[in-house]
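J.: how does the following fold in three dimensions:
(one chain, ligands or ions: 1)
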Amino acid sequence: MTYENIRLEHDGAVATLTIDRPKALNALNNKTLQEFEAAVKSLGADTRVLIVTGGGEKAFVAGADIAEMSALEEPQAREFAALGHRAFALLESLSIPTIAAVNGFALGGGCELALACDFIYASEKAQLGLPEVGLGVIPGFGGTQRLTRAVGRARAKELVFTGARIDAAKAKEIGLVLEVLPAGELLAHCRSIAAKMIKNGPLAIATAKRVIEQGADKDLGEANTLERQGFAELFGSDDQREGMKAFLEKRPAVFTGK
Ligand code: CAA
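T.: Predicted structure coming up:
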């Protein structure tokens with residue numbers, strides 16, 4: 001499939017999805033969100049890690065497209081928010097690790113896109129924030145909820161109410177970003193993390209992701225039940241047999257994800 005505003009590239013088991021409208025700082029308009037959704041849906045079982053990044057030098061994604069949004073009335077705004085939520089929920093529902101490589105401005109919908117990934121690595125020149133209240137609206141693609149879960153209520157409120165942009169170092173300090181890399185090393189870093197992950201059992205990673213996600217909103221007892229079940233269910237899988245056999249035979253495991 002050919003896309004206009006995104007690029008989807010595969011390098012073995014690692015896919016890189018680039019939002020690529022650099023002239024508009026990769027702002028998310030309807031078309032871009034639809035292409036993003038289609039690209040995420042198109043990922044096959046051979047993709048084991050997804051990296052999401054922005055095209056050009058300046059931006060990851062500078063938000064939803066303000067020019068397009070400015071013409072919306074309430075019914076269309078509902079549809080636009082539903083599209084963004086659906087696309088990011090689809091991303092979040094992937095069973096593989098998803099990494100946001102934030103290479104520049106990640107504002108509004110861009111910050112929300114990064115938040116829908118499993119974790120965020122940022123370049124030194126990245127700036128993150130939810131500036132929507134400055135436009136007379138609020139974050140509309142999950143930012144109020146995912147940012148709150150990521151950094152806590154008070155910090156999320158501070159960022160949302162001020163609309164302030166924070167740099168990568170501050171974003172790391174508050175736990176929004178895991179690591180800050182020189183701009184030229186960001187993608188290589190993400191790929192090296194992906195390379196470590198694809199050596200491990202895909203079923204085990206998918207199960208770990210599921211129990212972490214499902215357990216996050218539950219009390220510890222219920223959440224630990226999910227872990228116990230997930231642990232036990234992996235026994236009897238080809239990956240479990242191979243992983244343990246390979247260890248005992250002192251050789252690298254060859255996982256099939258079955
Ligand atoms: N929507 C549409 N176009 C955008 C855009 C956006 N979110 N962000 C940048 N652009 C466009 C600019 O209009 C400009 O286009 P022209 O060259 O045609 O004038 C081009 O990208 C370059 O931008 P700037 O000239 O503004 O670049 P800068 O370096 O001076 O500033 C910036 C960079 C600080 C990121 C600034 O562009 C900016 O503040 N952008 C908007 C950020 C924002 O408010 N994002 C939130 C959007 S609302 C949202 O996302 C809602 C939601 O949750 C669903």
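J.: near the ligand, which residues of the stretch 101-250 of the chain? Just list them.
T.: Selection of the stretch 101-250 of the chain residues close to the ligand by C-beta under 6 Å from any ligand atom yields Phe105, Leu107, Gly108, Gly109, Glu112, Pro131, Glu132, Leu135, Pro139, Gly140, Phe141, Gly143. (C-beta placed from N, C-alpha, C; glycine too.)
J.: what sits against the residue nearest to the third one when sequence neighbours are not counted?
T.: Counting by C-beta to C-beta, 6 or more residues apart in numbering, Gly63 is the residue found nearest to Gly108 once chain neighbours are left out, at 3.1 Å. For Gly63, the residues meeting the contact criterion (C-beta atoms under 8 Å, 6 or more residues apart in numbering) are Ala27, Leu28, Leu107, Gly108, Gly109, Gly110, Pro131, Glu132.
J.: what about burial for those, which qualify?
T.: The neighbour count (16 or more other C-beta atoms under 10 Å) marks Ala27, Leu28, Leu107, Gly108, Gly109, Gly110, Pro131, Glu132 as buried among the contacts of Gly63.
J.: between those, which is nearest the ligand?
T.: For these, the residue nearest the ligand by C-beta to the nearest ligand atom is Gly108; the value is 2.4 Å.
J.: can you dump the C-alpha atoms of the helix or strand hosting Ala188 in CSV for me?
T.: Here Ala188 sits within helix 186-198, counting by DSSP states H and E. Taking Å, rounded to 0.1, in the frame of the first residue of the first chain, the C-alpha atoms of helix 186-198 are listed here in CSV:
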residue,chain,number,x,y,z
LEU,A,186,18.1,8.3,18.7
LEU,A,187,17.0,5.9,16.0
ALA,A,188,20.1,3.7,16.4
HIS,A,189,19.4,3.5,20.1
CYS,A,190,15.8,2.5,19.5
ARG,A,191,16.9,-0.1,17.0
SER,A,192,19.4,-1.5,19.5
ILE,A,193,16.7,-1.8,22.1
ALA,A,194,14.4,-3.5,19.5
ALA,A,195,17.3,-5.9,18.6
LYS,A,196,17.5,-7.0,22.3
MET,A,197,13.7,-7.6,22.4
ILE,A,198,13.5,-9.6,19.2
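J.: report the mean confidence score over it.
T.: Helix 186-198 carries an average pLDDT of 98.
J.: now the residue of the chain positioned farthest from its centre: how far from Gly243?
T.: Going by C-alpha atoms, centre = their mean, the residue of the chain most distant from its centre is Glu249, 36.4 Å out. Relative to Gly243, Glu249 is positioned 11 Å away (C-beta to C-beta, to the nearest Å).
J.: quick check: neighbours shared by the two?
T.: Counting by C-beta under 8 Å, 6+ apart, nothing touches both Glu249 and Gly243.
J.: about what we covered before: so which of the residues of the stretch 101-250 of the chain next to the ligand sit within strands?
T.: Residues of those located in strands (DSSP state E): Phe105, Leu107.
J.: now the two most distant members of the residues of the stretch 101-250 of the chain next to the ligand.
T.: Farthest apart among these by C-beta to C-beta are Phe105 and Gly140. That separation is 17.5 Å.
J.: more neighbours, these two?
T.: Using other C-beta atoms under 10 Å, the more surrounded residue of Phe105 and Gly140 is Phe105, with 24 against 21.
J.: tell me what that one is bridged to.
T.: Beta bridges link Phe105 to Ala59, Gln127, judged by DSSP bridges.
J.: could you list every residue that touches it?
T.: Here Phe105 is in contact with Leu25, Lys58, Ala59, Phe60, Val61, Ala62, Ala126, Gln127, Arg165 (C-beta under 8 Å, 6+ apart).
J.: write a ChimeraX command that selects only the buried members of the residues you listed.
T.: ChimeraX command restricting the contacts of Phe105 to the buried ones, with burial defined by 16+ other C-beta under 10 Å:
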select :25,59,60,61,62,126,127,165
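J.: make CSV from the contacts of Phe105 and add pLDDT to it.
T.: What follows is the contacts of Phe105, written out as CSV (pLDDT from 0 to 100):
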residue, pLDDT
Leu25, 98
Lys58, 98
Ala59, 98
Phe60, 98
Val61, 98
Ala62, 98
Ala126, 98
Gln127, 98
Arg165, 98
